[in-house]
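Student: Pasting the sequence and the predicted model now:
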Amino acid sequence: MTEILIVFLKIICALVWFLTITLYLTWVERKESAVIQDRIGANRASILGIRIIGLFQPFADAIKMIFKEDFTPSFSKKRLHDLAPFISFFFVAITISAIPFGDVIRIGGRTIKLQILDINAGLLFILAMLSLGIYGIILSGWSSNNRFSLIGAVRGAAQLISYEVALGLSLVGLIMIYPSLKLSQIVHFQGQHLFGFLPKWGIFLQPLGFVIFLFAALAETKRVPFDLPEGESEIIGFFAEYSGLKWGLFMMTDFMEILIISCMLVTLFFGGWQVPWLATDGFHFPGGGTWLLPHWAVVFLQIASFNIKVFFFCWLQVLIRWTYPRFRYDQLMDMGWKLLIPLSLVNILGTGLIMSL
Amino acid sequence: MIKALGYFIEIIRGSLITARHFVVNMALHILKVLGIKTKKRGAVTIQYPEEKKELASRHRSLHRLMKREDGKPRCVACMLCVTVCPSECIYVEAAEDPDPEIQKYPAKFLIDISRCCFCGFCVEACPEDAIRMDSGQIEVADYSRQDLVYDLDRLLG
């Protein structure tokens, strides 16, 4: 009984974390773009005259979106049209269950893993769920029964499938090095040290793999340098026929993808919840000094480290979105098939050669 | 290959520019919150309804009619502004003034602000310096078109 309760609690905590940060990513996006462009950004939303640098903006947006008319065009396929945003939302939201937020926490003789589900093939699970998100795009484009939506959906599917290959291949090198596909074990493995002082993080083992993964993952999020599926400013995208909360769900999905990609980057390449030189009982510095810490402090540091790394990558992705112009479609395909996939194959070959030496 | 590498370097340099803007502006914002005065500002934004930009001395804002010492309008209803106005938004009706020096005064002086294009020709045409565009008022909005037709009293203000 308590087991079920614990799992239930973990799900609630993870979802609250996930959705809150997703909500506030919209705020981060507005504010960060503003700061980059020497502006101030949304700062007017207020509750009783209090406006803390626009922190209530996401709520104002949400309320606006809820009260907007949810218009379904008469020519659309109604059921599928309603279903599509939920499919794309669901397959992103479910990936959070495999992300490790921290090591273990010991309360009252119990050891609780700070991860909802430690699946044997956690990495493959996340990749599979992210690829299933394509169904949401295809369904929304097709069920809208609008040519432009359909073309947008086909563009999106083509892009996602091309980059899925590079995404998968860029991780093969990592899988060869890491002992398991279990994400908790991958993170544990990264707690070791290279040459006695450098943390054995994925970025140091697979720098090329990291670059390829970053590009492919950016393409997966369908945001600006790779935003050909939607192209909100001029080309019409797959959710042109959506409005109100259903459109909001698609928008949410985008931001959730940013967060999930950041979580994956951190877990696979930046040591997840690992803090450099922090073991379960405290810091063991490479010079030989130790600084022992109580259990709760270690857990706190681990969770904080995971969060800080994730926020950094969210920041980086927003920065990238506000820096680069959009790719042309042929350039996009060229980069996927002619650059990233050969490079990832070279990466696999190189990794194999070095490992066999 | 070398060309592609060049693009790659440029891509990274591009993101460094935006990152620099972010870091510098963010530092300036934080210093402002902490109450430390800096020479530069983090954003060029003017928070409009609360803060207002100072208008240039030559700025053409809402019209006003000048008065003589005795409080009567300076206008002699010569119709030059009506003639020169490209948007034909001025309407003047002349009446006879008992003073032979003045001869005419405007019984009606209407400007339809909703049609005015703020070119300032009326100010240049006026031989009596009776109309000026230096009231400094630029927020001219109303709920009905009729309210935007300003009459003599309002223009003398």
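Tutor: Received, thanks. Numbers count the residues shown, from 1 in each chain, chains lettered A, B, ... in the order given.

Student: element containing A:Cys13, please.
Tutor: Using DSSP states H and E, A:Cys13 sits in helix A:2-36.

Student: what about A:Thr2, how many neighbours?
Tutor: 7 (other Cβ atoms under 10 Å in any protein chain shown). Any C-beta I mention is one placed from the backbone N, CA and C, and that applies to glycine too.

Student: show me what contacts it?
Tutor: Contact analysis of A:Thr2 by Cβ atoms under 8 Å, 6 or more residues apart in numbering or on different chains lists nothing.

Student: try A:Lys68
Tutor: A:Lys68 is in contact with A:243-245, counting by Cβ under 8 Å, 6+ apart.

Student: Tabulate those residues (a markdown table), appending pLDDT and distance to chain B.
Tutor: Listed next are these as a markdown table, based on pLDDT from 0 to 100; distance: Cβ to the nearest Cβ, whole Å:
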| residue | pLDDT | distance to chain B |
| --- | --- | --- |
| A:Ser243 | 88 | 30 |
| A:Gly244 | 87 | 30 |
| A:Leu245 | 89 | 31 |
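
Student: just to revisit the earlier point, chain center to the helix or strand following the helix holding A:Cys13, what's the gap?
Tutor: Next in sequence after helix A:2-36, counting helices and strands by DSSP H and E, comes helix A:57-67. Relative to its chain's centre, helix A:57-67 lies at 23 Å (Cα atoms, centre = their mean, to the nearest Å).

Student: burial count for B:Glu128?
Tutor: Counted by other Cβ under 10 Å, the residues lying close to B:Glu128 total 15.

Student: Surely it touches B:Lys72?
Tutor: No. Using Cβ atoms under 8 Å as the test, B:Glu128 is too far from B:Lys72 to be in contact (11.9 Å).

Student: that older thread, now the buried members of the contacts of A:Lys68.
Tutor: Buried subset of the contacts of A:Lys68 (neighbour count, 16 or more other Cβ atoms under 10 Å in any protein chain shown): A:243-244.

Student: List the ones among the contacts of A:Lys68 that fall in helices.
Tutor: Secondary structure assignment by DSSP state H places A:244-245 of the contacts of A:Lys68 in helices.

Student: Show me the shaky parts of the chain.
Tutor: Assuming you mean chain A. Using pLDDT under 70 as the threshold, the predicted model of chain A has no low-confidence range.

Student: could you do chain B instead?
Tutor: Residues of chain B that meet the criterion pLDDT under 70 lie in B:1.

Student: now the most centrally placed residue in it, what's its secondary structure?
Tutor: When Cα atoms, centre = their mean is applied to chain B, the residue found nearest the centroid is B:Ser61 (3.9 Å). Of the three states, B:Ser61 takes coil under DSSP: H, G, I helix; E, B strand; the rest coil.

Student: gap between it and B:Ile113?
Tutor: Plainly put, B:Ser61 is 11 Å away from B:Ile113 if you go by Cβ to Cβ, to the nearest Å.

Student: Then A:Trp322?
Tutor: For A:Trp322, the distance to B:Ile113 equals 41 Å [Cβ to Cβ].

Student: again, but for B:Glu51
Tutor: Taking Cβ to Cβ as the measure, B:Glu51 falls 25 Å from B:Ile113.

Student: Please apply the same query to A:Lys200.
Tutor: Distance from A:Lys200 to B:Ile113, counting by Cβ to Cβ: 73 Å.

Student: Please apply the same query to B:Leu16.
Tutor: With the distance defined as Cβ to Cβ, B:Leu16 ends up 50 Å from B:Ile113.

Student: Then A:Val92?
Tutor: Going from A:Val92 to B:Ile113 by Cβ to Cβ gives 54 Å.

Student: Settle it for me: which of the two has more neighbours?
Tutor: Taking other Cβ under 10 Å, A:Val92 and B:Ile113 do not tie; A:Val92 has more neighbours (25 against 19).

Student: burial of A:Met129, as a residue count?
Tutor: When neighbours are counted by other Cβ under 10 Å, A:Met129 comes out with 19.
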